[in-house]
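Novice: need a 3D model of the following:
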Amino acid sequence: KRLVLCFDGTANKFTGDETDTNIVQIYTMLDRQSPSQYHYYQPEIGSYVSGHISNTKRNPFTQATNWCIERYDEAFGYSFVHHVLAGYKFLMRFYTPGDKIYIFGFSRGAYTARFLAEMIHKIGLLSEGNEEMIRFAWDMFSDFQTKRGDRVESDLISFKIAFCRKAVKVEFLGLFDCVNSVARLQDGSSSDAGQVARHVRHAVSLGERRIAFKPALFGWDKRVESDDGTETMEEMYFAGNHGDVGGGWGYAKEKAVEKVSLFQISLQWMVDEVVQL
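Specialist: Model (predicted):
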């Protein structure tokens, strides 16, 4: 079966209209009636965050508190760990040998997707029911991200052999304008995407100038393919800024009649790339 995980961009979530991101668009395309597909959607950093206070009674204090929590999360990404591990738990629960894993992400959601894929590659995927070991696995992997070194690498390998399932690898990693604003990890993530997924596609905005949305690039200047063709990686540039590539702006006013916008170009490219595999 296929396991499809979708991580949305900073402060993005389902709206039900043309301002939905490409991540929501992809999730909407999935066949939720198929017994051979399992789907997961995560609104990203700054949206529904842990620590929220219920505001069903519309209390001004709770609304103000939740607003502060969301803005803090947008700025510093403190719920990043929660987002990564929530996706990891989903895979622990539903993965069986032979399944194919597809992960998509936009903005910091793309970095969450990339980080999760590397975590699966480096630390492995724990068996279902072994939730008590998740935090230990995270601590080891985050140490690897910030420290590196032969000793840390050796510990990861030993942990993977002792506790994790064999030969689990992400089939497809699809990213829209990957951004890392998680300060403590900005220099830690590996750029060797060929190790973390069999097929990687990264749609990058050509016109974004804001420092906070500087893309976390893999650094390819052309399509990369393994000798046997089983692994492929490509980083493609698209016209427009961050939202033009990942979606979330809606249709351009001057093109409202035609119902087209720049985000549809990168979306079509991503869909074509995964379908043809």
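Novice: how much space separates residue 211 from residue 267?
Specialist: To residue 267, residue 211 is 26 Å away according to C-beta to C-beta, to the nearest Å. C-beta: built from backbone N, CA, C; applies to glycine.
Novice: what about the chain, any weak spots by pLDDT?
Specialist: In the prediction, the chain carries residues with pLDDT under 70 at positions 11-17, 44-78, 181-194, 221, 250-260.
Novice: where along it do the helices fall?
Specialist: Listed from the start of the chain, the chain has helices (DSSP state H) covering 22-29, 60-76, 80-94, 108-123, 134-147, 150-163, 193-196, 242-246, 263-275.
Novice: run the angle between the fourth one and helix 134-147 for me.
Specialist: Right, the one you point to is helix 108-123. On the basis of axes from the mean of the first three to the mean of the last three C-alpha atoms, to 10 degrees, helix 108-123 is oriented at 100 degrees to helix 134-147.
Novice: packing partners for helix 108-123?
Specialist: On a contact count with 3 or more C-beta pairs under 8 Å, 6 or more residues apart in numbering; DSSP states H and E, helix 108-123 meets strand 2-7, helix 80-94, strand 100-106, helix 134-147, helix 150-163, strand 170-176, helix 193-196, strand 197-205.
Novice: now do the longest one: everything it contacts.
Specialist: By C-beta atoms under 8 Å, 6 or more residues apart in numbering, the surrounding residues in contact with helix 80-94 are 3, 5, 7, 38, 40, 42, 44-45, 49-50, 101, 103, 108-109, 112-113, 115-116, 119-120, 125-128, 130-131, 134, 138, 182, 185.
Novice: okay, the angle between it and strand 170-176?
Specialist: With the same axes, to 10 degrees as the basis, helix 80-94 and strand 170-176 are set at 150 degrees to each other.
Novice: can I get helix 80-94 in CSV? Just the C-alpha atoms.
Specialist: C-alpha atoms of helix 80-94 as CSV (Å, rounded to 0.1, in the frame of the first residue of the first chain):
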residue,chain,number,x,y,z
PHE,A,80,8.7,21.5,15.1
VAL,A,81,9.5,18.4,17.2
HIS,A,82,5.7,17.7,17.6
HIS,A,83,5.2,17.9,13.8
VAL,A,84,8.1,15.6,13.0
LEU,A,85,7.2,13.0,15.6
ALA,A,86,3.5,13.0,14.7
GLY,A,87,4.4,12.0,11.2
TYR,A,88,6.9,9.4,12.5
LYS,A,89,4.1,7.9,14.7
PHE,A,90,1.8,7.6,11.8
LEU,A,91,4.4,5.6,9.9
MET,A,92,5.1,3.4,12.9
ARG,A,93,1.4,2.6,13.2
PHE,A,94,0.6,1.8,9.5
